[in-house]
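**Student:** have a look at this prediction, sequence included:
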Amino acid sequence: MKKSASILIVEDEAAIRVGLVDVLIYHGFAVDYAEEGLSGLERALTGKYDLILLDVMLPNMDGFQICTKIREQDKGQPIIMLTAKSTDEDVINGFTLGADDYVSKPFSVTQLILRIKSVLRRSIPETTELTFIQLDENRRIDLQNLCIEIGKNNLPFTKREIEVLEYLQRNNQRPVAREELLSSVWGYSESMDIETRTVDIHIARIRRKIEIDPKNPNFLITVRGAGYRLICASSS
């Protein structure tokens, strides 16, 4: 018998928390929960959960702080942030800290379940032969250690940023459409019809790390009307 995926909910609003527990159990997940930040962090750091649903506004320790602590221990733990704020600043902050996705309150239960399943699918380890992407003689992306080497300096990437870069590299003979990235990297099906700036935010963040001038990119370029291409010297 296939083991149910286990999900930790860290949410202080009782009505939302109880509703999430009921919905996730109904959809076949094993569910645990915490009502505030410190106990949520303690449970999260056990490492036994397939995914963590993490509210941003929590008593004692907020979701951003918890996400930071989790990433210090486990870069691969799937995390979806739940937030009443959908401003770019909050979304970018969540992605910067390594969240896999975000869902704004109030949310559709159907879309939440689809997003959970998408993140869980993407968390399954995949074998890959790529270890490095050489952008030019001074810039090399280390896919295994999630960083870019610029001379003697390193800048960290999130796991999702590396997945975007690797997908673009594997398809660098052509532009990759935004919708294709959502489908192939995030696991969203075309029928989900989700309005999200996830791809745009990740592309902007990657450019700030790899480009000399992010406003005039040389490596991660936009092909008008077609998508994005990664231009690099080589990969291995």
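**Tutor:** Yes, it's here. Numbering: from 1, shown residues only.
**Student:** now do the same contact list for the residue positioned nearest the centre of the chain.
**Tutor:** Compute the mean C-alpha point of the chain, and by Cα atoms, centre = their mean the closest residue is Asp100, 2.1 Å away. With contact taken as Cβ atoms under 8 Å, 6 or more residues apart in numbering, Asp100 is in contact with Pro78, Ile79, Ile80, Val119, Arg122, Ser123, Lys159, Arg160. Placement of C-beta: from N, CA and C, glycine included.
**Student:** how about a cut-off of 7 Å?
**Tutor:** Going by Cβ atoms under 7 Å, 6 or more residues apart in numbering, Asp100 touches Pro78, Ile79, Ile80, Val119, Arg160.
**Student:** and which of the residues you listed is nearest His202?
**Tutor:** The nearest member of the contacts of Asp100 to His202, counting by Cβ to Cβ, is Arg160 at 6.6 Å.
**Student:** just checking, what packs against the least confident helix or strand in the chain by mean pLDDT?
**Tutor:** When the helices and strands of the chain are compared on mean pLDDT, DSSP states H and E, strand 234-235 comes out lowest with a mean of 73. Packing contacts for strand 234-235, counted by 3 or more Cβ pairs under 7 Å, 6 or more residues apart in numbering; DSSP states H and E, involve strand 132-136.
**Student:** for the closest residue to Cys67 other than its chain neighbours, give its distance to Ser234.
**Tutor:** Distances taken as Cβ to Cβ, 6 or more residues apart in numbering place Leu97 nearest to Cys67, at 4.4 Å, with adjacent residues excluded. Per Cβ to Cβ, to the nearest Å, Leu97 is found 31 Å from Ser234.
**Student:** cool, and Ile221?
**Tutor:** Ile221 is 17 Å from Ser234, by Cβ to Cβ.
**Student:** looking at those two, which one has more neighbours?
**Tutor:** Counted by other Cβ atoms under 10 Å, Ile221 and Ser234 do not tie: Ile221 has more neighbours, with 15 against 11.
**Student:** that one bridge partners, please.
**Tutor:** Beta-bridge partners recorded for Ile221 (DSSP bridges): Arg229.
**Student:** right, and it touches Ile231 too?
**Tutor:** Yes - contact criterion Cβ atoms under 7 Å: Ile221 and Ile231 qualify, at 6.1 Å.
**Student:** and Gln173, that's in a strand?
**Tutor:** No - residue state for Gln173 (DSSP: H, G, I helix; E, B strand; the rest coil) corresponds to coil; a strand is not indicated.
**Student:** do you know how far it is from Ala84?
**Tutor:** 43 Å.
**Student:** quick one: which of those two has more around it?
**Tutor:** Ala84 (12 against 6).
**Student:** distance of the more buried one relative to Asn172?
**Tutor:** 39 Å.
**Student:** can you pull out the low-pLDDT segments for this structure?
**Tutor:** Residue ranges of the chain with pLDDT under 70: 1-3, 85-87, 124-129, 189-195.
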